[in-house]
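[1] Generate a structure from the sequence data that follows.
(one chain, ligands or ions: 1)
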Amino acid sequence: MSRPFDLLIRDGLVVDGTARPARPADVASDAGRLTVLPPGSGAAAARVVDAGGLVVAPGFIDAHTHSDGVAILDGGRDRELVRAAVLQGVTTEICGNCGSSLFPALPERLDAMRAEAEISFGGDVGAYPDFAGFAAAHAAVPRINHLVSLVGHGTLRAGVVGPVDRPVSPAELRTMCELLDRSLAQGAAGLSSGLIYAPGTYADTGELVALAAVAARHGKPYVTHLRDEMSRVEEALEEAVEISRRSGAALHVSHHKTAGRHGWGRTARTLPRIAGLRAGGMDVTCDVYPYTAGSTALAAMLPPWANDGGLAALTARLRDPEARDRMRLAIAEGVPGWENTVGNGGWDRISVACAPRHPTAEGRTIAELAAAAAADPLDVAADLLVAERGEVTIISHSMVEEDVRRVLAAPYAVIGSDGVPKPGGRPHPRWAGTFPRVLGRYVRELGLLSLEEAVHKMTRLTAMRFGLAGRGVIRDGAHADLVVFDPAAVADRATFTEPLLPPSGVAAVIVGGIVVVRDGEETGARPGTVLTP
Ligand SMILES: [Zn+2]
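    Take a look at the predicted model:
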């Protein structure tokens with residue numbers, strides 16, 4: 001008789017990640033690799049999970065997170081912020097998005113980068129010269145699930161030339177290309193940009209083409225938060241297409257949306273454009289989260305020049321009444337090439353998510369706070385930013401449901417939470433609710449997607465985009481990252497007022513063949529690693 005398996009998940013309905021129809025099967029794991037067995041196999045195993053009536057799927061891969069530092073801050077303890085991803089069934093997080101990662105930088109810039117990262121992550125998460133340094137820092141703290149990181153273009157730019165509003169010199173660009181090349185060779189998964197954020201927004205198209213060409217040489221994608229997701233979203237998409245064409249890198253559009261009153265409905269144009277590019281042979285995909293509200297930094301509501309020089313320079317400018325007046329004017333009148341969220345929506349759509357020194361502001365809109373203080377909204381925002389050293393997270397109710405559904409249904413759109421886990425406040429519930437929300441609301445309640453399609457967008461399609469070989473699929477020899485859930489009950493519970501409430505209906509989560517969550521509770525196992533595609 002053969003040796004027993006480490007783990008057997010029996011009598012489940014297997015949704016294997018490829019979008020093929022679900023089928024009954026037993027799934028076994030041995031030394032972290034899967035074997036698919038006929039249903040009722042009766043195979044012997046050291047541990048058995050009974051999945052009768054439940055779906056067995058590959059562990060979800062979160063295509064888009066900002067969880068770069070949260071496990072380092074947590075130090076391997078068990079805070080609800082770290083747990084939120086894995087309790088949904090997320091077995092791999094892809095961080096380093098929107099142009100922001102914790103590496104790379106020239107040695108002489110590391111101290112400044114570490115100080116800025118400490119403010120934006122709400123604790124000392126470090127700053128690293130390259131991907132290897134970042135991976136070593138994560139390897140030193142126990143992890144529940146796996147982590148993958150992109151190289152952030154904004155970080156790369158800050159790490160070579162500083163947080164300044166000027167073009168890079170040819171020599172600086174060469175240095176940026178070398179640092180990027182080294183981190184990609186060490187195992188970073190691609191290049192990301194965030195072209196509404198300082199300092200990424202100071203880059204012209206040519207700078208991004210040169211860097212994306214380095215990613216192309218590694219066969220890795222250019223992943224971008226477009227320069228505009230509102231009134232000029234189509235022009236911003238064309239810039240990304242140009243970068244992809246000229247560099248040869250595959251294109252992945254982050255959290256695709258068309259927001260603000262001038263953007264609503266525009267997915268009816270952007271999605272056919274992407275589909276047409278794909279039909280013409282271009283490798284282009286996107287990710288999406290299932291909410292009509294976004295979340296970002298309050299400082300990103302200000303014109304790009306306001307952020308020139310980093311957080312200290314921003315707060316100095318915010319203390320200057322004349323500079324405030326210029327910001328007010330820029331928001332009222334717009335600035336060519338700048339997204340201008342408030343001009344497109346209004347301060348009544350911007351609510352405070354995290355402002356640790358002002359907990360009473362959390363959950364209220366800037367317009368409400370201004371009315372209560374009989375003050376101008378820009379002054380309220382500016383005072384808040386000064387008191388919080390430039391770092392306030394906001395939630396922006398900027399999208400319409402019709403656009404969200406259209407993107408979710410696109411066959412090349414994968415699921416990414418865009419979660420921003422940091423201590424304190426009321427973060428966007430997407431960090432704790434994205435995956436069960438797609439399965440509960442958009443699959444079961446609304447029928448927008450089949451279960452097989454939705455799981456494909458959470459697993460295999462994402463693994464293929466980011467080069468994660470042998471993951472996101474249930475087949476013989478694949479990595480044993482799995483989630484077991486009840487398709488009739490799975491649902492998100494996280495809300496804007498209780499943003500970290502864990503989901504219902506997730507029965508078990510397995511990472512590398514080890515059960516890490518059982519009936520909504522952590523087992524305490526820490527088999528997660530940093531993956532290097
Ligand atoms: Zn973004």
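[2] Could I get the pLDDT score of the residue nearest to residue 91 when sequence neighbours are not counted?
    Leaving aside its sequence neighbours, residue 91 sits nearest to residue 59 (C-beta to C-beta, 6 or more residues apart in numbering; 2.7 Å). No exception for glycine: its C-beta is placed from N, CA and C like everyone else's. Residue 59 carries a pLDDT value of 98.
[3] Surely residue 59 and residue 92 touch.
    Yes: counting by C-beta atoms under 8 Å, residue 92 is a contact partner of residue 59 at 6.7 Å.
[4] and for these two, which residues touch both?
    Common contacts of residue 59 and residue 92 (C-beta atoms under 8 Å, 6 or more residues apart in numbering): 145, 481.
[5] any idea how far the lengthiest helix in the chain is from the chain center?
    Of all the elements of type helix in the chain, the one with the most residues (DSSP state H) is helix 170-186. Remark: helix 170-186 is offset 23 Å from the chain centroid, using C-alpha atoms, centre = their mean, to the nearest Å.
[6] For it, list every residue counted as buried.
    Across helix 170-186, burial judged by 16 or more other C-beta atoms under 10 Å covers 172-173, 175-177, 179-184, 186.
[7] Which residues outside the longest strand seen in the chain are in contact with it?
    Across the chain, the longest stretch assigned as strand under DSSP state E is strand 5-14. Contact with strand 5-14 is made by 22-31, 35-36, 39-41, 43-52, 54-57, 474, 480, 482, 484, 487, 508, 510, 513, 515, as judged by C-beta under 8 Å, 6+ apart.
[8] ok, now with 7 Å
    By C-beta atoms under 7 Å, 6 or more residues apart in numbering, the residues outside strand 5-14 that reach it are 22-30, 39, 43, 45-52, 54-56, 474, 482, 484, 510, 513.
[9] got it, and stretch 31-41?
    11, 24-28, 43, 474-480, 512-513.
[10] how distant is the least confident helix or strand in the chain by mean pLDDT from the center of its chain?
    Least confident helix or strand, the chain: helix 341-345 with a mean of 89, by mean pLDDT, DSSP states H and E. Put simply, helix 341-345 sits 23 Å off its chain's centre (C-alpha atoms, centre = their mean).
[11] same check, this time on stretch 469-481
    Distance of stretch 469-481 from the chain centroid (C-alpha atoms, centre = their mean) equals 22 Å.
[12] Go ahead and name everything in contact with that stretch.
    Contacts with stretch 469-481, where a contact means C-beta under 7 Å, 6+ apart, come from 14, 16-18, 27, 29, 32-36, 58-59, 61, 91-92, 459-460, 462-463, 510-513.
[13] What about those residues, which are in strands?
    Filtering the contacts of stretch 469-481 for strands - DSSP E - leaves 14, 27, 29, 33-36, 58, 61, 91-92, 510-511.
[14] From the residues you listed, pick the one nearest residue 208.
    Comparing the ones in strands among the contacts of stretch 469-481 against residue 208 with C-beta to C-beta places residue 61 closest, at 25.5 Å.
[15] The closest one contacts residue 462, correct?
    Yes: between residue 61 and residue 462 there is a contact under C-beta atoms under 7 Å: 4.2 Å.
[16] And the nearest residue to residue 424 once chain neighbours are set aside, its phi and psi?
    Of all residues not flanking residue 424 in the chain, residue 356 sits nearest, at 4.5 Å (C-beta to C-beta, 6+ apart). Backbone torsions for residue 356, taken as degrees, to the nearest 10, come to phi -50, psi -30.
[17] Then the one 3 residues further on?
    Comment: the main-chain dihedrals of residue 359 come out as phi -60, psi -30, following degrees, to the nearest 10.
[18] Now it. Nearest residue, chain neighbours left out?
    The shortest distance from residue 359 to any non-neighbouring residue, by C-beta to C-beta, 6+ apart, is to residue 425 (7.6 Å).
[19] how close does that neighbour sit to residue 352?
    Applying C-beta to C-beta, to the nearest Å, the value for residue 425 to residue 352 is 8 Å.
[20] list the residues that contact both of those two?
    Jointly contacting residue 425 and residue 352 under the rule C-beta under 7 Å, 6+ apart are residue 362.
[21] what about the two, which has more around it?
    Between residue 425 and residue 352, residue 352 has the larger neighbour count (other C-beta atoms under 10 Å), namely 27 against 19.
[22] which bits of this structure sit near the ion?
    Taking C-beta under 5 Å from the ion, the part of the chain that reaches the ion is made up of 98, 225.
[23] Could you list the low-pLDDT ranges of the chain?
    For the chain, residues meeting the criterion pLDDT under 70 lie at 1-2, 78.
[24] quick one on the thing from earlier: list the strands paired with the longest strand of the chain, with their directions.
    Strand 5-14 pairs in its sheet with strand 23-30 (antiparallel), strand 45-50 (parallel), strand 55-58 (parallel), by DSSP bridges.
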